[in-house]
Each structure stands twice: as structure tokens, then as C-alpha cells.
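> Okay, predicted coordinates and the sequence, questions at the end:
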Amino acid sequence: MQKTVHIIGAGISGLSAAVRLANANYKVHVHEATQQAGGRCRSYFDAATNLTIDNGNHLLLSGNRHALAYARSIGTEAGLVGPKLAQFPFVDLSTGQRWLLDLGDSRLPLWVLDESRRVPDTGLADYLGLMPLIWSGKDRLVKDAIRCDGTLYRRLVQPLLLAALNLDPPEGSAGLAGAVVRETLLAGGQACRPLIARDGLSAVLVEPAIKLLQDKGASVRFSHELREFATSKGRVTELNFGDDSIAIAPGDAVVVAVPPRSAASLLPGLKTPTKFRAIVNAHFRSAAPRDAPPSLGVVGGLVEWLFAFPQRLSVTISNGDRLVDMPREELAQAIWRDVCKAGSVAGELPPWQIVRERRATFEATPEQNALRPGAATGLKNLFLAGDWTDTGLPATIEGSVRSGDRAADHVLAMSQV
Ligand SMILES: Cc1cc2nc3c(=O)[nH]c(=O)nc-3n(C[C@H](O)[C@H](O)[C@H](O)COP(=O)(O)OP(=O)(O)OC[C@H]3O[C@@H](n4cnc5c(N)ncnc54)[C@H](O)[C@@H]3O)c2cc1C
């Protein structure tokens, strides 16, 4: 008989679990509280710029193997586009200096041996100084593992870790930073090609998953928020959505793939991260200069990454809590000034939009990292997924997909008992 699984939450973690289980011939029901799938990774039409934009620019790397496998499984791997080589153009706005970080095409970090490919004004010893980060313990801070100053730090380590951890790197978890370095810089250029969903996050990572699920007979219900559930003998027996409820038969499973605050209210007593950091994105309706790179690293300014999309220049600012209360127009003007300098663009402020995601990621400190639960819960047929569960990675698409895959594996294992 076909087994049934209910997935609560249609963010990337819920969708990856759903796709994996639909492919394993489960009858899948997805329940999403809002009217749209994608959660923190979604596109929408924005009237101010008259464009479809993403809630935030999402950068993947070619070493994000679970995320790429997820895209492959929904037929959209080709929608993640980037340069053929792991090359990162950078500009320092405080000095005007520009350079290209070329990580080559190897499976080893051989680029650090080649002076012409290293960050300008850095030597081999600077890179060797990063070694303590690689296998750092979970309770250490980045600043206790490596030096957080100097040219290499300012021009490479700080931008990389700020983007990955979404906080000022010295206060971040060295364990999480080490996982990022192991899976990217240490894995050579092959793992570091930057990839973006050029046609939009929803078109590449969300809508095709929904279509695949529906084609396989799954149901996907929007505005269907799980309020609570009933349990008996250590199992979930009923899901309650307010206006309706669904009985859970013996042998059926539930994957809760919601953000930590929702998970904690559904499962009182569940330990979850309690602190979060914001990410600010700004989108400008403006054509990029013809030779503009798809992504540009920016140091020495407000802007951190500048992305060139068709008809749009978009900016990411991590660890953005200091900007969430700044008047929007003032912020847009300040960011546009940086964009003009970094992207060699001129002109008055074009139509713009600012998206401030206040709880973009859990705070990647050792203290908050220690609050992340695994997939299994005290209930035999209920499993957790989400970028905030204990994936060993910071809050990223790669972590979300891994958590979804892991929850799906628990469901599959249940049926083998
Ligand atoms: C601005 C921004 C920029 C980012 N940039 C990057 C990047 O460059 N690279 C990268 O890898 N990652 C990036 N991330 C992180 C990435 O977006 C997240 O890690 C990922 O999307 C989280 O997916 P999730 O499924 O774990 O959670 P969510 O996306 O939060 O999904 C949870 C879903 O559950 C639903 N839900 C909540 N409660 C209930 C309920 N009771 N019943 C039913 N449904 C419910 C929610 O509505 C939501 O759809 C960024 C995030 C943001 C916000």
C-alpha cells in the first residue's frame, strides 16, 4: 500500500523532502501557511521597479552538491548559471583597487601556490594561517581560531564568511566557518564556481518542484497553516489546521519544515535557535554595463555583493540589523552611490526596491549553533527539517536541502522497521 507523508512548510527544505519522497512513491501532501511556496527563497512581482524580483539575491557555489542535486531532480540545474571558472572579481571602494580572484579548475586549492592568482598583497603564509579554522571545534569563535585582520582577511576571508555566516565573522562559530571553508576554498576551484538563479529563485528552485509534485499526484495546499497536532502513544495522530483536520494513519509520517519560531510553538519544549540576523537587499531597475560581471565582490563600502541581472542591478548586505530601521529612501540613495562606484554606472537613482528580511538566518554563533536539533523528535513519525536544524552548515540553501533530504531518509527508514 502507498505510504503517506505530510510536509508542513513549502520552503526549500520542505520541497526537497517532498520531492525525494514523491520520487520514492510516497503519497505526498504539502501544507504551506502562506499563499506562495519558497519561504525565504522566492520571487515576486514588484510594482516599484515593474520587475519580478527575488526577496534576496541567493548565491550558490558549485560545491553545494545537495542543492545542485535538488535542482537536477526537478530538472533545473541548467537554470543555475555562472562563469565557467571559479573567478571572483572584487573592488575595494576605499582605494578603488580592483582584482580578480582566480581559484582555477582543480579539486585542490592549488591557486594559493600561484602568486598571480592569490589575493593581491598576500603570501602563502597568510593562507596557511587559516588552517586552524578547518577542523575547529563547535564551541570556538572564529576570532579564537584565526587572525581577523590583515589583507587576506579584509579582502577574502571577511567577505566570504560574512556572506556565509551572516554576522561579523570574528563573533561567528569557527565550527560553521570551518565547514564552509572545507567545502569551498579547500575543495579547489571546482567547488567554488559562483551560481545564481538568473531567471529568478521561484522559476528555478520552487515552481518546477511544485509542478513535479503535482505531476506525481501530490497535493500542495496554500494558506493551510498547521496550528497544532494531536498525539497518542508517542506518535502524531491528527494534524489540526484550524478549519479542518487530517487524521494520520499508523505508518504515515509528518515532516515539519517550518522556521524555528513556528516549530517551537508546534512542539513546546523543542530547543531551537532564538536569535536571528537580517539581510538587506536592494534592487535597481537599471541595465548593467555590457562588460559587467554577473557578481562582483565589494569591500570598503556599504554594499557587499553586486549582481547584474537582465534589466536590474541588485545588492546584498549581510548582517544588516543596523540598517533595518534606516529610512528607506536614505538607504536606497546610499546604496546607489556605492553601486555607481563599484559597477561603473552613472545617473540619478533609478526605480528601486529595498527588501529587509529581519529574520533571514539564525545567528551563527557557537551559542545559537548549540541550540539546533537533529531531524528526529520524541515522536516516532514526526521529523524536522529546515536550515536551522543541525546540518553542520550555516543557514543556506545547501543546508536546507540537506535537512530536507535527511528528514526524508528518516521517513524512508521508518517504513523499513
Ligand atoms: C535575503 C536572504 C538572502 C539569502 N541569501 C542566501 C544565499 O546567497 N545563499 C544561500 O545558500 N542561502 C541564502 N539565504 C538562506 C536561504 O534562503 C535559506 O536557508 C532557505 O531558503 C531556508 O529554507 P527553509 O525551508 O529551511 O525555511 P523557510 O524558507 O523559512 O521555509 C519555511 C516555510 O514554512 C512555512 N510555514 C511556517 N509555519 C508554518 C505552519 N505552521 N504551517 C505551514 N507552513 C508553515 C513558511 O511560510 C515557509 O514557507 C538567504 C536568505 C535570505 C532571507
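Alright, I've got the coordinates.
> ok now do residue 176, which residues does it touch?
Counting by CB atoms under 8 Å, 6 or more residues apart in numbering, residue 176 touches 164, 165, 364, 369, 392, 393, 394. The way it works is simple: take the backbone N, C-alpha and C, and place the C-beta from them, glycine included.
> Name only those of these that count as buried.
In these, burial by neighbour count holds for 164, 165, 364, 369, 393, 394, counting by 16 or more other CB atoms under 10 Å.
> Help me confirm that residue 319 comes into contact with residue 169.
No: between residue 319 and residue 169 there is no contact under CB atoms under 8 Å: 9.3 Å.
> tell me, what's touching the two both at once?
With CB under 8 Å, 6+ apart, residue 319 and residue 169 have common neighbours residue 162.
> Residue 390: neighbouring residues, count only.
By other CB atoms under 10 Å, the residues close to residue 390 number 16.
> Remind me what the longest helix anywhere in the chain packs against, helices and strands.
With secondary structure taken from DSSP state H, the chain has its longest helix at helix 397-414. Applying 3 or more CB pairs under 8 Å, 6 or more residues apart in numbering; DSSP states H and E, one finds that helix 397-414 contacts helix 12-23, helix 65-73, strand 253-256, strand 382-384.
> between those, which one is nearest to the ligand?
Closest approach to the ligand among these is made by helix 12-23 (3.4 Å; CB to the nearest ligand atom).
> Please compute how far the closest one lies from its chain's middle.
Relative to its chain's centre, helix 12-23 lies at 17 Å (CA atoms, centre = their mean, to the nearest Å).
> how about the buried ones among the contacts of residue 176, which pair is most distant?
Greatest spacing in the buried ones among the contacts of residue 176, by CB to CB: 164 and 369 (13.1 Å).
> Residue numbers of the stretch 301-417 of the chain in contact with the ligand?
Neighbours of the ligand within the stretch 301-417 of the chain, by CB under 6 Å from any ligand atom: 357, 360, 361, 386, 387, 395, 396, 397, 398, 400.
> Tell me who's in contact with the fifth one.
Spelled out, that is residue 387. With CB under 8 Å, 6+ apart, residue 387 has these contacts: 12, 13, 361, 362, 393, 395, 396, 397, 399, 400, 403.
> Just the buried subset of those residues, please.
In terms of neighbour count (16+ other CB under 10 Å), the buried residues within those are 12, 13, 361, 362, 393, 395, 396, 397, 399, 400, 403.
> and the nearest residue to the fifth one once chain neighbours are set aside, how far is that from residue 140?
It stands for residue 393. Spatial nearest neighbour of residue 393, chain neighbours left out: residue 399 (3.9 Å); criterion: CB to CB, 6 or more residues apart in numbering. The gap separating residue 399 from residue 140 is 20 Å, by CB to CB, to the nearest Å.
> Also residue 294?
Here the criterion is CB to CB. By it, residue 294 lies 35 Å from residue 140.
> rewinding a little: need the buried ones among the contacts of residue 176 in CSV (columns: pLDDT and secondary structure).
Shown next, in CSV, are those (pLDDT from 0 to 100; DSSP: H, G, I helix; E, B strand; the rest coil):
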residue, pLDDT, secondary structure
164, 95, helix
165, 97, helix
364, 98, coil
369, 98, helix
393, 97, coil
394, 97, coil
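> Please produce a markdown table containing those, extended by distance to residue 71.
Supplementary listing: those in a markdown table, determined by distance: CB to CB, whole Å:
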| residue | distance to residue 71 |
| --- | --- |
| 164 | 20 |
| 165 | 24 |
| 364 | 24 |
| 369 | 27 |
| 393 | 17 |
| 394 | 20 |
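> Find the nearest non-adjacent residue to the residue in the stretch 51-200 of the chain that the ligand sits nearest to, please.
Going by CB to the nearest ligand atom, the ligand is nearest to residue 56 of the stretch 51-200 of the chain, at 2.3 Å. Computed as CB to CB, 6+ apart, the closest residue to residue 56 that is not its neighbour in sequence is residue 281, at 4.6 Å.
> Is the one you found within a helix or a strand, and which one?
According to DSSP states H and E, residue 281 maps onto strand 276-285.
> isn't residue 70 right next to residue 402, touching?
No: with contact defined as CB under 8 Å, residue 70 does not count as touching residue 402 (9.5 Å).
> any chance of the helices and strands packed on helix 397-414 in CSV, plus mean pLDDT?
Shown next, in CSV, are these (pLDDT from 0 to 100):
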stretch, mean pLDDT
helix 12-23, 98
helix 65-73, 98
strand 253-256, 98
strand 382-384, 98
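> could these go into CSV alongside distance to residue 185?
Below are the helices and strands packed on helix 397-414 laid out as CSV (distance: least, CB to CB, whole Å):
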stretch, distance to residue 185
helix 12-23, 24
helix 65-73, 16
strand 253-256, 33
strand 382-384, 30
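> ok, now which ones touch residue 136?
So residue 136 contacts 145, 174, 175, 177, 178 (CB under 8 Å, 6+ apart).
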